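*Asks:* I'd like to go over a predicted model; first the sequence, then the structure.
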Amino acid sequence: MDSALIPKEAKRCSFPVFAVGIAVAGVIVLWGVYAMGLCWLKGLNQTNMNDYYGFALWIWADLAVIAIGGGAFFTGLLKYVFGIDELKNIINLAVVIGFVCYSSALLILAIDIGQPLRGWFIFWHANVHSMLTEVAFCLSLYFSVLIIEFIPLILENRKLDKIPFFHHLSHNMHGVMAVFAATGAFLSCFHQGSLGGVAGVLYGRPFAFREGLLVWPWTFFLFTWSAAAYGPCFTLTVLKIVEKITKKKLVKDNVVYTLAKISGWMITTYLIAKIIDTVYWALVTAPSLGFNFMSFYSNNKFYGLWILFAEIVLGGIIPAAILIKKDWRENSKLLILAIVLGTLGVCINRWVMVLQVMAPPVMTFDTWALYYPSWQEVATTVLPVAYGVILISLAYRYLPVFPQEKELNAE
Amino acid sequence: MIKKHNKAKAHKFGMVIDLDKCTGCGSCMVACMSENNVPFKENETNKKDSITWMHVYRLTNGKSFPDTEICYIPRPCMHCGGKGDHGHSPCVSVCPATATDYDYTTGIVSQIYTRCFGCRYCMAACPYHARYFNWWDPIWPSGMEKTLSPDVSPRMRGVVEKCSFCFHRYQAAKDTAYFEEREDITEDEYQTACAQACPANAIVFGDLNNSEHEVYKLVKPDPYHGGRPKEPKAFRLLERLGTNPKVYYISEREWVRKAGDNYVKGKEKDHKKHNTE
Amino acid sequence: MFPFCFEWVWDAGHLLFFGGMWYTIIILGLGMTYCIFKSITQLW
Amino acid sequence: MSEIEEKIENSSVNDDKVGLAQENIKGDSGLGLGVIFFILAFVVFFLSGWLLFPKLLYSKKQQPFNFNHRLHVQEMGDCESCHSFREDGSFTGIPQIGMCVECHEEQLGDTKDEEIFVTQYVENEKEVPWLIYSRQPDCVFFSHAAHVIGANMDCKTCHGDIGESTISKPYEVNRITGYSRDIWGKNIWGIKKHSWDSMKMDDCAECHLKETQSKGACFQCHK
C-alpha cells in the first residue's frame, strides 16, 4: 500500500500491522494532548504542584530527555569533528532520537509556564544572568540545528529524492554538515551545562548549590559531561529495542562497540568528577551553610541514601565497568544491562538535581515537601514517549535510517 | 532638581520583628491581604497553594510540658540584598525575563506581574517560600472588586507574586512630599500595612540606612557585612546562606534565635561567635 | 533581544551572550542559504 | 508522472544536464511571471498592512459630547485650574461634575454640546463617562506630582496640544490590548516626531535616561 515510500530492497511489516501499532501509540498521544489542552485552558492548577514544589514531574522529564538526547550532539561531534567515520552508521538514529527529545523538551516547556502566550518574553526581555535564559536560547537554537540535521534524512526518502531540488539540497547539506554539527556541539555544551546550572546556582538551596568556575557552578560542567557520556547509552538502547522489534540486525557490532567503549570511558571520567563534586559538597559546601550531609537523606520515606547509591553505583560504576572492559561490553546481555542502567542512571541524576532540590526544608521550622503528580502531569510526561515511538517508527519505515541494513539483511 | 532627587542618599528599607511581642494573631496577614488585593480561594485548606505574602509560622522548642514554649515567626518577603549585598538576590538573578529586579535606591525587590510568564524558577530559588504562584485566576465575591485597592494591580493566573513592602505607600508618600516641595519623606509617612496593623507593635519598619530610624536603632546593621545585625539579640533567617535579608528578628530567647539558622551538630559554638562578633 | 530593547545594556554579559546567539543564527542561516542557493543553481 | 520525474527515473541524477537548454527557456518566462507576481503580492500586502491593518486593529468611539479645551483655557487661565492636585499630592485627572457645576449650573452658551452636558449630566447629577486618551494600563503607576512639581515639566511635553483643541477627537482603542491608541501613538512603526506622540514604556525610559541617567527600577513605574 505504501510500498512506493519504503526504501528500496528494505523489508517492512505490512501496512495494516504498522497502522495498528501507530494507532495504539496515537491513542496515548491523544490522551497526552488532552491533558496538555487542559493545562493550557484551565491553567497549572491541573497539576499537583504547589508553592513549595514548583517544579513538576515533567520538568524532570524535560531534563531527562535532553540528557539522553545528548547522544545526538556527541555522536555528531565524534563523527564530523573528530572524524570517527564508522559512526555514520548510527548517526541517523542519533539525530532522530535527538529530534524527538528536543522537540518534546520544548513542548514540555511550553506547557510548564504559567502564561504560555508570554513565553517569547524569555527571548525579548532576556535576563542574561539567568541560567534559564541560556537554556531557552541554546535549546531553541540547537533544536533548529537538529531540524537541519534531520532534513537531509527526510529528503532521502525514495519519493522525495526523485525531486531534483530535494536531491541536490540533501546532497549539499551533507556537504556542510560538519559546520552544522560543530555549531550544534557548541550549543549543546552550553545548554546541557546551563541546565545543570539551573539548580547549581540556587544559593538559597543548599542541596543544589555548588561552587564553580566563573559564572558557572560545577554542575554546569557535570551536566555537559554526563549528557555526552550517557547520551550514547540511550541511542544504543533505542537501537537494541528497534532491532528487537524488527527482528533484524541494523548496525554492525564494531560500530556499537566503538560507541559503547567511548561512552564507557566518558562515564568513568564523569563519575570521577561527580564523586569528587559530591564529596566536596558533602564535606565543605553543605556544612558551611549549616547542613549535615545526612540531613538531606533522612527524615522522610522517599529520599533515602538509596537514591545516591542508585545514581552513582547502579547507574554509574556498573555500566562504566561493563562498557570499558572489552569482554564484558562484547557480551550482548551485559551490554544491554549496561546501556539500560546508564540511561536510568542519568535520569536519576536529573531527578535528584531538580526534584529532590525542592524537597528538603531549608528554614529550620519548615517541613519536607513531597508531591504526587496528577494524572494530567503523568499524561503530558508520557506524551513525548508515545510521540517518540511514532516518529521513530515512521523514520524507520520510510527513511534510510540504517545504512548497513541492506548489507546485514541480504539473503 | 531632578538630578538632585536621584543623587539623594539611597534608602534601604527594612523591617524588624520582635518575636517576643508577636502573639501570632495574624492581623498582619489579614492587613496585607486586603491592602494588596491578594486573591483567595473559597477553600483555603491546602496552605501550600494559597497566597499569603505575609505568612506566620509557628514553632516550638520541642520540649514537653511544662517546658514547652511557642514562638510565631511572621515572614514577609525578605527583600534580600544577595551575596555581598550587591542586589543579586536569589530570585532576581535567576528570573529569565527580568520580571523582578532589585531597586538600588530603596533596596526593594520588585515583581512585575505583567512581565512574569510563570516559570517559577524564582520560587525554587527562594529559601523562604516568600514567592507565590497564582494557580487560579482570582475570583472576588460579587461586589468585592469595587473594594479592591486601585493602587495595587490585581494579578492574573499563571504569574508569581510576593510582598512588595507596600511599595505603593512609598509612592504615595513621595507624591505628598513632592506636593509640599520637600526633599524626602519621613519615617512615619511610609509604613507597611502589616506594621501598622500589628496590635502588639511587634513589627517596625523603616530605613536601615538612616541611623535616626527605629529599625536601625533596634538592630544596628553592619554595612561591612551585608547588614548583619550588631545587636546580639537580633538575627536574620538563614544568615549563613548569604542572602542578606532586610527583615530582622529580635528575641531574648536563645532557642528562638537558634531556630533562625541551621547548624552542623557539634559546631553550634562556632556559629554563635560568627553571629555576634 | 536587540540593542533597541528596553533592558539592553552595552556590557560584557549582553555582548557575549547575544553575540554568541546572533553569531550562531547567522552561521545556521548562511549555511542553509548556501545549500538552498547551490541546489537552485545546480538545477539550472 | 511528470516530465522531470520521468527523466530522473530514466537517467542517473548526475547527468541531468541534458535537458538544460529546454528548462532555461521555460525558466525565463516563468521567472518573469514570478517577478510580476512577487511585486503585485508585495504591493497588496504592503498596502493592506499600511492602510487596512490600523483600521482593523483599532476601534473608534466618540466622546459623550465635544469638549472645547481652547475655550476653557481662555476662560480659566491654565490647565491647573481644572486638572489639579489634591492635598496629599495625588492628581485629580479629569474633574468630576461638581467642579464643572461651579460655572455650568445652567447653560452658559448656545452650543449643542453644552446643552447635552447640562440636560443629560448636570440636571441628572450624573458623572460624564469620559474616555481617557492617555489612560495607562492597570499595571502602571504614574506620579503627576513627581513630574509637574518635582521636575517642573509642563503638560504639553506629554499631552501635546490638547489645550488648543476645540473638539474632542474620537477615542481609538486597540482591539487586542484594550489600550488607547495614544499609548502606542498614531504612527504604526512607533516613530515619534514630538515628545507627546506616544506614551509607551520606552518613551518614559528615554526621558528618564536623559534626565536622571537611569531608566529606573521596575517599581518606579509599575505597581
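*Replies:* Here it is on my side, so go on. Residues are numbered from 1 along each chain as shown, chains lettered A, B, ... in the order given.
*Asks:* On the pLDDT front, check the residue nearest the centre of chain D for me.
*Replies:* The residue lying closest to the centre of chain D (Cα atoms, centre = their mean) is residue D:181, at 2.4 Å. Looking at residue D:181, its pLDDT is 91.
*Asks:* partner residues bridging the nearest residue to it once chain neighbours are set aside?
*Replies:* Nearest residue to residue D:181 in three dimensions, chain neighbours excluded: residue D:172, at 3.8 Å (Cβ to Cβ, 6 or more residues apart in numbering or on different chains). For glycine as for every other residue, the C-beta is placed from the backbone atoms N, C-alpha and C. Counting by DSSP bridges, residue D:172 is bridged to residue D:60.
*Asks:* For residue D:172, give me its contacts.
*Replies:* For residue D:172, the contacting residues are D:58-61, D:180-181, by Cβ atoms under 8 Å, 6 or more residues apart in numbering or on different chains.
*Asks:* go on, residue A:346?
*Replies:* So residue A:346 contacts A:64, A:67-68, A:226-227, A:229-230, A:233, A:315 (Cβ under 8 Å, 6+ apart).
*Asks:* so where do the helices sit in chain B?
*Replies:* Taking DSSP state H, the helices of chain B run over residues B:2-7, B:27-35, B:90-94, B:121-125, B:167-179, B:193-197, B:214-219, B:254-258, B:268-276.
*Asks:* which bits of chain C sit near chain D?
*Replies:* Contact residues (Cβ under 8 Å from any Cβ of the partner chain) of chain C with chain D: C:6, C:43-44.
*Asks:* Filter the residues you listed down to just the ones in strands.
*Replies:* The strands, defined by DSSP state E, take in nothing from the residues of chain C next to chain D.
*Asks:* Save these as TSV, and put in pLDDT too.
*Replies:* Shown next, in TSV, are these (pLDDT from 0 to 100):
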residue	pLDDT
C:6	82
C:43	82
C:44	72
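*Asks:* Tell me the one of those residues nearest residue A:327?
*Replies:* Closest approach to residue A:327 among the residues of chain C next to chain D (Cβ to Cβ): residue C:43, at 53.9 Å.
*Asks:* from memory the closest one sits against residue A:164, does it?
*Replies:* Yes: assessed by Cβ atoms under 8 Å, residue C:43 is found in contact with residue A:164 at 5.7 Å.
*Asks:* Check chain A for the residue nearest chain C and tell me.
*Replies:* Closest approach of chain A to chain C (Cβ to the nearest Cβ) occurs at residue A:168, with a separation of 3.8 Å.
*Asks:* what number of residues lie near residue B:188?
*Replies:* Using other Cβ atoms under 10 Å in any protein chain shown, residue B:188 has 10 other residues around it.
*Asks:* Run through the residues that contact it.
*Replies:* Residue B:188 neighbours (Cβ under 8 Å, 6+ apart): none.
*Asks:* per-residue confidence at it?
*Replies:* Confidence score, pLDDT, at residue B:188: 92.
*Asks:* Save the residues of chain C next to chain D as JSON lines, and put in neighbour count too.
*Replies:* As requested, these are exported to JSON lines (neighbours: other Cβ atoms under 10 Å in any protein chain shown):
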{"residue": "C:6", "neighbour count": "14"}
{"residue": "C:43", "neighbour count": "15"}
{"residue": "C:44", "neighbour count": "9"}
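*Asks:* just checking, which of those residues belong to helices?
*Replies:* Filtering the residues of chain C next to chain D for helices - DSSP H - leaves residue C:43.
*Asks:* SS state for the residue located most distally from the centre of chain A?
*Replies:* For chain A, the residue at maximal distance from the C-alpha centroid (Cα atoms, centre = their mean) is residue A:365, at 37.1 Å. Here residue A:365 is recorded as coil under DSSP: H, G, I helix; E, B strand; the rest coil.
*Asks:* Please report phi then psi for it.
*Replies:* Note on residue A:365: its backbone torsions stand at phi -100, psi 10 [degrees, to the nearest 10].
*Asks:* ok, it - contacts?
*Replies:* Contacts of residue A:365 (Cβ under 8 Å, 6+ apart): B:57-59, B:73, B:259.
*Asks:* Disregarding flanking residues, what is the spatial nearest neighbour of it?
*Replies:* Using Cβ to Cβ, 6+ apart, the closest residue to residue A:365 is residue B:59 (4.0 Å).
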